[in-house]
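**Student:** Model the structure of this input:
(one chain, ligands or ions: 1)
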Amino acid sequence: MEISFYKYQGTGNDFVMIDDRSEAFPEKDLLLVQKLCDRKFGVGADGLILIRNKTGFDFEMVYYNADGSQSMCGNGARCAVSFSKFLGIIESETHFLAIDGPHEAEITNDIIHLKMGNVSSLSNAGQDYFVNTGSPHHVRFVDNLDQYPVVAEGAKVRYADTYKPSGTNVNFVSAIAEDEIHVRTYERGVENETLSCGTGVTACALVYGSRNELREVKIQTPGGNLKVRFSENADGSFQNIFLIGPAQQVFEGKIEILNSENLN
Ligand SMILES: N[C@@H](CCC[C@H](N)C(=O)O)C(=O)O
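**Tutor:** This next block holds a predicted model:
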């Protein structure tokens, strides 16, 4: 089987992107997903995204982490919107389905405004916070973020008993201006620091914005800059949450998959 793929990146979070409207991709073959995402033996990516047809929506985004597990991916969704425009499925506005439910998005000059799902509350997690923005996120404020051991500390929280069995993503945050934060994220399913995590920066922006009475927060990540806008209700829930930032096609290619190739 020959698979055509495209590679996209959204603030350095990178994805193998496949137009799977024909549903030819063997979606249950998680070894194949792992292999395609492998940075030494495959294409290399933090995740893999299938674009599929879905009744009532412009498309469905089917997202896999590099290890084959599934969750919502904010940066991946921005890339999926850009890819769908490239494929001619959408023009500048879209309504699509992801694992956490329906989303809307708008794309102008390569900047994608992605509407995230509503968030019911921010929880305290010891001195830190926990927020579910479609994916689970632990949020910890730290000093000296540039020097912070994100992988070592992130893994401790990700595998902590409190988050078993499914674990969590872990974000480390420092304020750098009144309305701006710096965020580094340890991602579950990649089991490493990624250059940016969309659902993660959204979680951090909600915590920081809520504590500082802001409705828009700028975010610097190692892979680039994002913005999050939202409104907060009197009961502590959040709605009209928008993740705003760029997405880019990096290259395209083809892979020949032999039937027995993923069996070992
Ligand atoms: N990179 C993503 C998050 C992907 C899902 C996450 N690793 C999980 O398993 O929860 C993003 O941009 O949101």
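**Student:** did I read that right, residue 217 in a strand?
**Tutor:** Yes: when DSSP: H, G, I helix; E, B strand; the rest coil is applied, residue 217 is found to be in a strand.
**Student:** which ones are touching the residue lying closest to it once chain neighbours are set aside?
**Tutor:** Nearest residue to residue 217 in three dimensions, chain neighbours excluded: residue 205, at 3.9 Å (C-beta to C-beta, 6 or more residues apart in numbering). C-beta coordinates here come from the backbone N, C-alpha and C atoms, glycine included. Contacts for residue 205 (C-beta atoms under 8 Å, 6 or more residues apart in numbering) come out as 181, 217, 219, 228, 230.
**Student:** What is the burial count for the third one?
**Tutor:** Translated: residue 219. 27 (other C-beta atoms under 10 Å).
**Student:** Touching, it and residue 203? I think so.
**Tutor:** No: using C-beta atoms under 8 Å, residue 219 is not in contact with residue 203; the gap is 10.8 Å.
**Student:** For residue 198, grab phi and psi.
**Tutor:** Dihedral pair for residue 198: phi -70, psi -50, per degrees, to the nearest 10.
**Student:** Without its sequence neighbours, what residue ends up closest to it?
**Tutor:** Nearest non-adjacent residue to residue 198, counting by C-beta to C-beta, 6+ apart: residue 74, 2.2 Å away.
**Student:** cool, and residue 69?
**Tutor:** In space, residue 69 is closest to residue 189, 4.6 Å off (C-beta to C-beta, 6+ apart).
**Student:** I'd like to know the phi and psi angles of that neighbour, please.
**Tutor:** The phi/psi pair for residue 189 (degrees, to the nearest 10) is phi 90, psi -20.
**Student:** contacting residues around residue 197?
**Tutor:** Going by C-beta under 8 Å, 6+ apart, residue 197 touches 13, 74-75, 169, 171, 183, 185, 187, 221.
**Student:** now residue 190
**Tutor:** Going by C-beta under 8 Å, 6+ apart, the list of residues near residue 190 reads 46-47, 65-67.
**Student:** filter those down to the ones near the ligand?
**Tutor:** residue 65 (C-beta under 6 Å from any ligand atom).
**Student:** In strands, which of the contacts of residue 190 fall?
**Tutor:** Counting by DSSP state E, the part of those found in strands is 47, 65.
**Student:** and of the contacts of residue 190, the nearest to residue 30?
**Tutor:** Lowest distance from residue 30 to the contacts of residue 190 (C-beta to C-beta) belongs to residue 67, with 8.1 Å.
**Student:** you'd agree that closest one is up against residue 36?
**Tutor:** No: using C-beta under 8 Å, residue 67 is not in contact with residue 36; the gap is 12.0 Å.
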